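Colleague: Let's see this in three dimensions:
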Amino acid sequence: MPHRTFNDADGRRWEVWSVVPGDSEPLLTDPKGVAVVKEDELRERRRSIDERWATGWLAFHGIAERRRLAPIPDSWADLDDAELARLCEQAVVVSPPRRLIE
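Modeller: I've put the predicted structure just below:
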(Lines give C-alpha, C1' and ligand atoms only; values in the text may rest on other atoms or scores of the structure.)
Protein backbone atom coordinates (compact mmCIF):
# COMPACT_ATOMS: atom_id res chain seq x y z
CA MET A 1 0.00 0.00 0.00
CA PRO A 2 1.62 3.29 -1.08
CA HIS A 3 1.85 6.06 1.49
CA ARG A 4 2.67 9.67 0.62
CA THR A 5 3.14 12.94 2.46
CA PHE A 6 2.68 16.37 0.91
CA ASN A 7 2.01 20.00 1.80
CA ASP A 8 -1.07 21.78 0.49
CA ALA A 9 -1.12 25.37 -0.83
CA ASP A 10 -1.49 26.69 2.74
CA GLY A 11 1.57 24.74 3.90
CA ARG A 12 -0.43 22.17 5.89
CA ARG A 13 1.17 18.72 5.95
CA TRP A 14 -0.95 15.74 4.89
CA GLU A 15 -0.45 12.00 4.73
CA VAL A 16 -2.38 10.00 2.14
CA TRP A 17 -2.87 6.29 1.54
CA SER A 18 -5.43 3.99 -0.04
CA VAL A 19 -7.93 1.95 1.96
CA VAL A 20 -9.72 -1.01 0.41
CA PRO A 21 -12.15 -2.88 2.66
CA GLY A 22 -12.34 -6.56 1.97
CA ASP A 23 -11.77 -10.12 2.92
CA SER A 24 -8.14 -9.51 3.82
CA GLU A 25 -9.28 -7.93 7.10
CA PRO A 26 -7.56 -9.81 9.91
CA LEU A 27 -9.60 -11.87 12.34
CA LEU A 28 -9.50 -10.39 15.83
CA THR A 29 -7.97 -12.83 18.30
CA ASP A 30 -7.12 -13.01 21.97
CA PRO A 31 -3.49 -13.43 23.17
CA LYS A 32 -3.76 -17.22 22.71
CA GLY A 33 -4.81 -16.81 19.07
CA VAL A 34 -8.47 -17.74 19.64
CA ALA A 35 -10.91 -15.77 17.47
CA VAL A 36 -12.94 -13.25 19.48
CA VAL A 37 -14.99 -12.04 16.51
CA LYS A 38 -16.80 -14.53 14.33
CA GLU A 39 -16.42 -14.50 10.53
CA ASP A 40 -20.12 -13.62 10.02
CA GLU A 41 -19.71 -10.67 12.39
CA LEU A 42 -16.80 -9.40 10.26
CA ARG A 43 -18.91 -9.83 7.11
CA GLU A 44 -21.72 -7.83 8.73
CA ARG A 45 -19.30 -5.03 9.63
CA ARG A 46 -18.11 -4.90 6.01
CA ARG A 47 -21.71 -4.68 4.77
CA SER A 48 -22.32 -1.72 7.08
CA ILE A 49 -19.78 0.44 5.23
CA ASP A 50 -21.43 3.37 3.49
CA GLU A 51 -22.00 2.55 -0.19
CA ARG A 52 -19.77 5.36 -1.42
CA TRP A 53 -16.77 3.84 0.41
CA ALA A 54 -17.50 0.19 -0.42
CA THR A 55 -14.87 -0.13 -3.16
CA GLY A 56 -12.21 1.85 -1.29
CA TRP A 57 -11.01 5.40 -0.79
CA LEU A 58 -7.98 7.61 -0.40
CA ALA A 59 -7.49 8.57 3.24
CA PHE A 60 -6.07 12.05 3.81
CA HIS A 61 -4.84 12.66 7.34
CA GLY A 62 -3.81 16.14 8.44
CA ILE A 63 -3.00 17.52 11.87
CA ALA A 64 -6.55 18.70 12.56
CA GLU A 65 -8.61 17.03 9.87
CA ARG A 66 -9.29 13.76 8.07
CA ARG A 67 -10.77 13.39 4.62
CA ARG A 68 -11.81 10.62 2.21
CA LEU A 69 -11.96 10.54 -1.57
CA ALA A 70 -13.70 7.82 -3.58
CA PRO A 71 -13.22 6.20 -5.93
CA ILE A 72 -9.45 5.81 -5.70
CA PRO A 73 -7.88 7.55 -8.72
CA ASP A 74 -5.62 5.41 -10.91
CA SER A 75 -1.90 5.96 -10.30
CA TRP A 76 -2.59 8.39 -7.46
CA ALA A 77 0.74 7.49 -5.81
CA ASP A 78 2.59 8.85 -8.86
CA LEU A 79 0.90 12.28 -8.80
CA ASP A 80 2.91 15.34 -7.84
CA ASP A 81 2.19 17.20 -4.58
CA ALA A 82 0.04 19.87 -6.26
CA GLU A 83 -2.19 17.21 -7.81
CA LEU A 84 -2.50 15.40 -4.48
CA ALA A 85 -3.44 18.71 -2.85
CA ARG A 86 -6.21 19.18 -5.45
CA LEU A 87 -7.56 15.72 -4.69
CA CYS A 88 -7.45 16.53 -0.99
CA GLU A 89 -9.53 19.67 -1.60
CA GLN A 90 -12.16 17.52 -3.35
CA ALA A 91 -12.24 14.94 -0.55
CA VAL A 92 -15.04 14.71 2.02
CA VAL A 93 -14.21 15.76 5.59
CA VAL A 94 -14.87 12.87 7.99
CA SER A 95 -15.29 12.78 11.74
CA PRO A 96 -12.35 11.68 13.84
CA PRO A 97 -12.53 8.10 15.07
CA ARG A 98 -14.50 7.59 18.27
CA ARG A 99 -12.49 6.85 21.36
CA LEU A 100 -13.69 4.07 23.62
CA ILE A 101 -12.17 5.67 26.71
CA GLU A 102 -11.82 9.37 27.33
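
Colleague: low-scoring stretches of the protein, by residue?
Modeller: Applying pLDDT under 70 to the predicted model, the residue ranges of the chain that meet it are 1, 23-48, 97-102.

Colleague: what about the helices in it?
Modeller: According to DSSP state H, the chain carries its helices in the segments 39-47, 81-90.

Colleague: And for P71, the neighbour number?
Modeller: By the other C-beta atoms under 10 Å criterion, the neighbourhood of P71 contains 12 residues. In short, each C-beta sits where N, CA and C put it, glycine included.

Colleague: quick one, what contacts it?
Modeller: Contact criterion C-beta atoms under 8 Å, 6 or more residues apart in numbering gives T55, G56, W57 as the residues in contact with P71.

Colleague: If any of those are buried, give me the PyMOL selection for them.
Modeller: Command for PyMOL, covering only those of the contacts of P71 found buried under the criterion 16 or more other C-beta atoms under 10 Å:
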select buried, resi 56+57
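
Colleague: Any chance of a markdown table for the contacts of P71, columns distance to A77?
Modeller: Conversion of the contacts of P71 to a markdown table gives the following (distance: C-beta to C-beta, whole Å):
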| residue | distance to A77 |
| --- | --- |
| T55 | 17 |
| G56 | 14 |
| W57 | 14 |
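
Colleague: Narrow the contacts of P71 to those in strands?
Modeller: When those are checked against strands using DSSP state E, the ones located there are W57.

Colleague: From the contacts of P71, pick the one nearest R13.
Modeller: Looking at these and their distance to R13, the nearest is W57, at 20.0 Å (C-beta to C-beta).

Colleague: quick one: the closest one and V16 touch, right?
Modeller: No - taking contacts as C-beta atoms under 8 Å, W57 lies outside contact range of V16: 10.5 Å.

Colleague: from the contacts of P71, which single one is nearest G11?
Modeller: G11 lies nearest to W57 out of these, by C-beta to C-beta, at 24.7 Å.
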